[in-house]
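**Student:** sequence unavailable; structure follows:
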């Protein structure tokens, strides 16, 4: 005859005892903490990836423009009134912005996810803030004719330049700049800051090249290139 342990039956009916319940709760708490920490890390790591995708999308639009214009990138000099106007690297004539958007660039992609505050009315509607025809976007571009970008950095076509092949000739970059050594408080007509900051220090930024690819560059590998406005140093 099979003997039945009535204490086991009572225990099963009563469910978990107190110690077992505490162990289950503790395990759930630990799993929740791990999920939260993992989610935060994934979110932080995704920012440079989303930023690189933005630059790739914009660069692709520039390359499509070049395909339609005998290999030439947009001429933003005075001889082309349609795109004329940019002074700082992140200035872009409203007509050029519209051209890029017609080639698949979303407004949100024009601003780095590490510095989403730039995507506001003051920057987007900059022509209404000033008398210039430019919007201010969240990335810098070395466009032909940009007045405060030295000529040696201008990108005229997709053939490279300054001794660099297209795969190493920078076309666009994250906004990494300092004013008197401060990367958090950069003042032109508006107040801005560097993207991809950790505290007061830039981590680095994404760079796009004339061949269409984009890559991350650590801050330690960046160099001071030129200044705009009141001693704002651009680094890439």
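**Tutor:** That came in fine, so what should we check first? Just so you know, these numbers come straight off a predicted model, no measurement behind them.
**Student:** pull the residues that contact stretch 117-131.
**Tutor:** 94, 107-108, 110-112, 132-138, 189-190, 192 (C-beta atoms under 8 Å, 6 or more residues apart in numbering). The C-beta positions use only the backbone N, C-alpha and C, and glycine is treated the same way.
**Student:** out of those residues, which is nearest to residue 167?
**Tutor:** Nearest to residue 167 out of the contacts of stretch 117-131 is residue 112 (C-beta to C-beta; 22.7 Å).
**Student:** host element of the most centrally placed residue in the chain?
**Tutor:** Among the residues of the chain, the one closest to the centroid is residue 112, at 2.9 Å (C-alpha atoms, centre = their mean). With elements delineated by DSSP states H and E, residue 112 resides in a region that no helix or strand encompasses.
**Student:** let me know the closest of the contacts of stretch 117-131 to residue 177.
**Tutor:** Proximity of the contacts of stretch 117-131 to residue 177, judged by C-beta to C-beta, is greatest for residue 192, which lies at 8.3 Å.
**Student:** now the helices for this protein?
**Tutor:** Assigned by DSSP state H, the chain shows helices spanning 6-14, 18-67, 94-102, 121-124, 126-129.
**Student:** what sits opposite residue 198 in the beta ladder?
**Tutor:** Note on residue 198: beta-bridge partners by DSSP bridges are residue 201.
**Student:** how much space is there between it and residue 59?
**Tutor:** 26 Å (C-beta to C-beta, to the nearest Å).
**Student:** kindly report the same for residue 212.
**Tutor:** In this structure, residue 212 lies at 6 Å from residue 59, with C-beta to C-beta as the measure.
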